[in-house]
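**Q** Next one to model:
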Amino acid sequence: MDLGNMSLLAATTIGFAHAFEADHLIAVSSIVTKRNNFAQAARDGVYWGLGHTSTIFLIGIIMILGRVFIAEETFQYLEAVVGFMLIGLGAWRLTKLASHQHGGSSHTHSHSVSYGVGLIHGLAGSGILVLAIMSTMDTAASGLVFLLVFGIGSTIGMLVASGLFSIPFWKDKSWSKYFTRPLAILSGLLCIGLGVFIVYENLIQ
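**A** Numbering: from 1, shown residues only. Prediction:
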């Protein structure tokens, strides 16, 4: 295996593992609580991955091709944006649960929600990732290819995570009536709690 193939394999592996970070998993767990099967939830993972890759690749173009330096403090504020997004996502999920409890609509949301969450998630840590790639890649083209392959790996990882996280919420399963609502509430609360922690860590501490 040559060095180029090893780099692409590393990018895929790192991207796949990146999808399983806590804030990603908690966010997607809140999203897929309304999905009834693996395929629907897996699409959420794909859309999340597309949004996540879009942001990282855009920042990569700005920093690698445009040679624009973005200060580390800027990404600290962007991390806080992710925290606010998690708070909003958790609150949105809990509100939907309360609405359904009182006879409101139970329609599932569009996959554009997952894409938007992925876009915002791409802000967190993307600058550090791009800087690390810039320091190890010989050319701008190889750096951008690495980012794209990293994005493919993270999309595959989130596809798997989304599908697995949706299993307790499949309404055609006998266990669903016992676990769906408590797990959805727990997911929403965790989303809010982690969001508050991220905001505190990046803006207040």
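
**Q** Select the longest helix from this structure.
**A** Longest helix of the chain, by residue count under DSSP state H: helix 72-101.

**Q** next helix or strand past that helix?
**A** Where DSSP states H and E defines the elements, the next helix or strand beyond helix 72-101 is helix 112-121.

**Q** What lies in contact with that next one?
**A** Here helix 112-121 makes contact (C-beta atoms under 8 Å, 6 or more residues apart in numbering) with 23-24, 27-28, 31, 43-45, 47-55, 81-82, 85, 89, 158, 162. Placement of C-beta: from N, CA and C, glycine included.

**Q** Next, the angle from the next helix-or-strand element following that helix to helix 72-101.
**A** Downstream of helix 112-121, the next assigned helix or strand under DSSP H and E is helix 126-136. Relative orientation of helix 126-136 and helix 72-101, computed by axes from the mean of the first three to the mean of the last three C-alpha atoms, to 10 degrees: 140 degrees.

**Q** List the buried residues in helix 126-136.
**A** Neighbour counts over helix 126-136 (16 or more other C-beta atoms under 10 Å) mark 126-127, 129-131, 133 as buried.

**Q** quick one on the thing from earlier: for the longest helix of the chain, what is the distance to the chain centroid?
**A** Mean C-alpha position of helix 72-101 versus that of the full chain (C-alpha atoms, centre = their mean, to the nearest Å) differs by 12 Å.

**Q** ok, now stretch 188-203?
**A** The chain centre lies 15 Å from the centre of stretch 188-203; the measure is C-alpha atoms, centre = their mean.

**Q** For that stretch, the averaged confidence score.
**A** Mean pLDDT, stretch 188-203: 93.

**Q** Now do the end-to-end distance for stretch 12-24.
**A** 17 Å (C-alpha to C-alpha, to the nearest Å).

**Q** scratch that, stretch 57-76
**A** End-to-end span of stretch 57-76 (C-alpha to C-alpha): 19 Å.

**Q** Would you mind listing the buried residues in that stretch?
**A** By 16+ other C-beta under 10 Å, the buried positions in stretch 57-76 come out as 57, 59-61, 63-64, 75.
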